[in-house]
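> just to be clear, the model below is a prediction. Sequence and coordinates:
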Amino acid sequence: MDTKRVALIRYQAPDGSRCVGSGLLVEDLKVLTADHVADGTKHRVECDRRQFRVAAVIRSETAEVDLAVLTLAGPGHELERMSYARVERSQVDRVTGCVAVGFPRWNTGAGGRAGGRTGGWLRADSGRLGATGEQWVRGRVADAGRRPDTSGSADPGRGARPGAAQPLGWDVWRGRGRGRPRHWLVRSHNLAKGGQSLTVTPLTALERLPVHKRRQFWDALGVRDVSELPVLPGKAEKTQLAVRSSPPEFSAEVRDRYRENLAKVGLEVPDRWGRTELDGLRRDYQQRARGVTSTMELLEALCSALGAMPVLQQVGGHEIGIRKLQDLYQRHVGRWPDSSSREGMLIMAASAGIVEQRRALSDPGYQPEPLTALARFMLGIAGHWKAPGTATLDDPDLRGLVDWLTGTLGQQRDDAAAYLSRKVGGRTWALIELRAEDSAARAWPDRIVVDLVREDGQGRTHNVRCTAESEEAVLMALRSAISKLPEGEVCVDLLMPRRWLDTGVEHWEVVQVGGAYESMSRHLEPRLRWSMHYHDRWLRERLQRRFGKLAWLAVPEAIPEAAVGDPAQFAGWLDLLDGDRMMQPPYLIGSPAGDCDHDPLGALLRDGYGFVVWFGRDTEEAVKQGAVHLATGLSALERRHDLPHALAAKLKQHRPTIIWSDPDGRAGFQLPAPRRGGTLRRGAR
């Protein structure tokens, strides 16, 4: 590569400190660098012993796509535009002959910052690449833009400046500028291995930007149609790249979890669990087993999950957090996973699919899904990765997924396409608030405020005015608000002041079905939130502190009847609950007492308890104890996310008020920031 293309960028950061970054001249007077390098002033670019001022800047303006293009004021070097190619990750695991160049900090001497380079190989299938199906490279040089994942890495202060040129998709070494951490392009660097261990991300991160911004970048880089770029290794001979495969293997965590299950049936369990080893175990066991056993099903699940691991990387599975993957698993497999790792969830999804197939053979009344659980899970991940756009099987980024589904798993393409259109469309969370300017003085709300939140965090707000101070006016406003909910899957939370929480609003007939209105609880299964947990800063912080002390697997607690009707005893019981235990029960159960004016439910909410099951007066003690026992056998995730619905379904004849003010939002959604005074958010309608 021509050294004239390597650029040193000096600039002043927003905090006033002087910084140094690196870039690559992809063509004459066009420098590709990091967005955080462009985020500053007084940029001066040095290359080939010449200095240039910056005439124009294109920025992504997001740390998630840390890329920028600087246009220099000429005249330039008359450099030709660099060529581009794609690396197909479903076929390429390792590409050798790669070089990373830049101006590393360790290469600073008396003469100033000098250029440096390091060579090595690129693992196209590495989960830490952040690649999305295919990764983009420029002939021998490629760039990417993702914030680094520094976990388990060496001292970042010994690296180079961020934003350097990266041949074949390698980002520059990471480092610090004037003692303060910087955002850089390299996601991790093993210092013990020197420049031979750099983790990178692809230029396809640009595809996540809005259309107009994405088009600006591609135009600046001289790419008219990204789908027409050549694909490696088909063009590998022209770029003199060597390619070799590196099959996936399970981690030590998986081996430790399942080793005993295999060893106890007499199998000699190897130290490495790749395709060759697992296929050998499966053949060995098939020769000695009689019929289908749990061990045979486990081996089948392990082999299926191992085959899914490269596909998971291709559809962005390693860019999605574990918590979100657990949400997607619950949504598409139908239960919460007993795992907090990606490969663990793949194994569990494969096992769930085997159980579904076995049940379909033994139970004539059971109607299985057309797709296996593993297929549904992977399609759900692909849909989330493509959001806010719509995922289709014709998308070139999903070609590897389609081949795996229809080939390895033997699924029908039409079934997969139907599942994408019916079940993988983006969900919406509707926070419907009954609000009054002065809730203490008004008997009924004066408006309904609806916040619609998408899974990608974007949303909008609209208000529905109540025409009068009456129950009928609120009912009509709620019907109007419900009629405006979007198509598809919608989760509903009702936010209300204390005085309306236990009035049964969730059971009002506001959903129009066939010309008549039916109850909200029947069709939307809304959850209830105390609005002050949302709007009041101090109460919100109190809720969060209490939430941090919950022991989700502890036994739920019913409030003693004697304490409910006596404020002094109730305060003493709360002190005992809070003081004698390090952790709190997951939820509390109670009901008002007689004609007492004391409001124990309001006191619980003000004290930061956000998960409360509140029955009506004179509810039998056996019913309350039944609410306690409903949590038995459920995992922590199931208790947190599914139990409110389970309680409502099991206790529907008693119609308790079930309040769950989850401070984190709702499974798959983040709680939006509180608005001021119930007004519309900026840009809302």
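Received it, and whenever you're ready, just let me know what you need.
> ok but Leu431 is inside a strand, no?
Yes: counting by DSSP: H, G, I helix; E, B strand; the rest coil, Leu431 is located in a strand.
> just the strands in the stretch 501-650 of the chain please.
Assigned by DSSP state E, counting those that start in this stretch, the stretch 501-650 of the chain shows strands spanning 509-513, 516-519, 527-530, 557-558, 588-590, 611-614.
> out of those strands, which is closest to Gly76?
strand 527-530 (59.4 Å; Cβ to Cβ). In short, each C-beta sits where N, CA and C put it, glycine included.
> what does that closest one contact?
With contacts defined as Cβ atoms under 8 Å, 6 or more residues apart in numbering, strand 527-530 is touched by 431, 492-498, 501, 506, 605, 610, 644, 657-661, 666.
> among the residues you listed, which lie within helices?
Mapping the contacts of strand 527-530 onto helices (DSSP state H) picks out Arg498, Leu501, Leu605, Pro644.
> which among these count as buried?
Those of the ones in helices among the contacts of strand 527-530 that meet the buried threshold are Leu501, Leu605, Pro644, by 16 or more other Cβ atoms under 10 Å.
> could you measure from the last one over to Val6?
The spacing between Pro644 and Val6, counted by Cβ to Cβ, to the nearest Å, is 58 Å.
> wait, isn't Arg465 in contact with Val474?
No: judged on Cβ atoms under 8 Å, Arg465 makes no contact with Val474 at a distance of 10.8 Å.
> these two: which is more packed in?
More crowded of Arg465 and Val474, by other Cβ atoms under 10 Å: Val474, with 25 against 11.
> the helix or strand that contains that one versus strand 509-513: what angle between them?
Using DSSP states H and E, Val474 sits within helix 471-483. If you take axes from the mean of the first three to the mean of the last three Cα atoms, to 10 degrees, helix 471-483 sits at 40 degrees to strand 509-513.
> what separation do you get for Pro370 and Tyr419?
According to Cβ to Cβ, Pro370 stands 8 Å off from Tyr419.
> ok, these two, which is more surrounded?
Tyr419 (20 against 14).
> what helix or strand is the more buried one on?
Judged by DSSP H and E, Tyr419 forms part of helix 413-423.
> buried sites along that helix?
Neighbour counts over helix 413-423 (16+ other Cβ under 10 Å) mark Ala416, Tyr419, Leu420, Lys423 as buried.
> try stretch 18-34
Within stretch 18-34, the residues that qualify as buried are 19-27, 29-34, counting by 16+ other Cβ under 10 Å.
> looking at these, which are in strands?
Per DSSP state E, strands hold the following members of the buried residues of stretch 18-34: 19-27, 30-33.
> taking the residues you listed, tell me the two that lie furthest apart.
Using Cβ to Cβ, these span at most 24.9 Å, a distance reached by Cys19 and Glu27.
> mind checking pLDDT for Trp94?
Residue 94: Arg, not Trp. Predicted confidence (pLDDT) for Arg94: 53.
> brain fart, Ala627
With respect to pLDDT, Ala627 scores 88.
> repeat that for Asn107.
pLDDT for Asn107: 50.
> over to Thr199?
On pLDDT, Thr199 comes in at 45.
> next: the one 5 residues further on.
At Thr204, the predicted lDDT confidence score is 62.
> low-confidence ranges in the stretch 351-500 of the chain?
Low-confidence segments of the stretch 351-500 of the chain (pLDDT under 70): 388, 425-426, 438-442, 455-457.
> where exactly do the strands run in it?
Taking DSSP E, counting those that start in this stretch as the criterion, the stretch 351-500 of the chain carries its strands at 428-435, 447-454, 459-465, 490-496.
> so for Ala349, which of these sits nearest?
Closest to Ala349 of the strands of the stretch 351-500 of the chain is strand 490-496 (Cβ to Cβ; 22.5 Å).
> that closest one pairs with which strands?
strand 428-435 (parallel), strand 527-530 (parallel) (DSSP bridges).
> closest one to Asp363 among those strands?
The nearest among those, by Cβ to Cβ, is strand 527-530 at 32.9 Å.
> quick one: average pLDDT of that closest one?
92.
> and the pLDDT at the closest residue to Ser483 other than its chain neighbours?
What sits nearest to Ser483 in space, not counting adjacent residues and going by Cβ to Cβ, 6 or more residues apart in numbering, is Gln512, at 6.6 Å. According to the prediction, Gln512 has pLDDT 88.
> same check, this time on the one 10 residues further on
Confidence per residue is given as pLDDT, and for Arg522 that number is 87.
> my read is that it contacts Val511, right?
Yes: in terms of Cβ under 8 Å, Arg522 counts as a neighbour of Val511; the distance is 7.5 Å.
> which of those two has more neighbours?
Shown here are Arg522 and Val511; by other Cβ under 10 Å, Val511 has more neighbours (19 against 12).
> and the more buried one, bridged to which residues?
Bridge pairing for Val511 (DSSP bridges) gives the partners Glu518.
> and it, how far is that from Glu518?
According to Cβ to Cβ, Val511 and Glu518 sit 5 Å apart.
> in stretch 543-557, what counts as buried?
For stretch 543-557, by 16+ other Cβ under 10 Å, it's Leu543, Arg546, Phe547, Leu550, Trp552, Ala554, Pro556, Glu557.
> ramachandran coordinates for the nearest residue to Ala38 once chain neighbours are set aside?
Once flanking residues are discounted, Ala38 sits nearest to Ala68: 3.6 Å by Cβ to Cβ, 6+ apart. Here is the backbone geometry of Ala68 (degrees, to the nearest 10): phi -150, psi 160.
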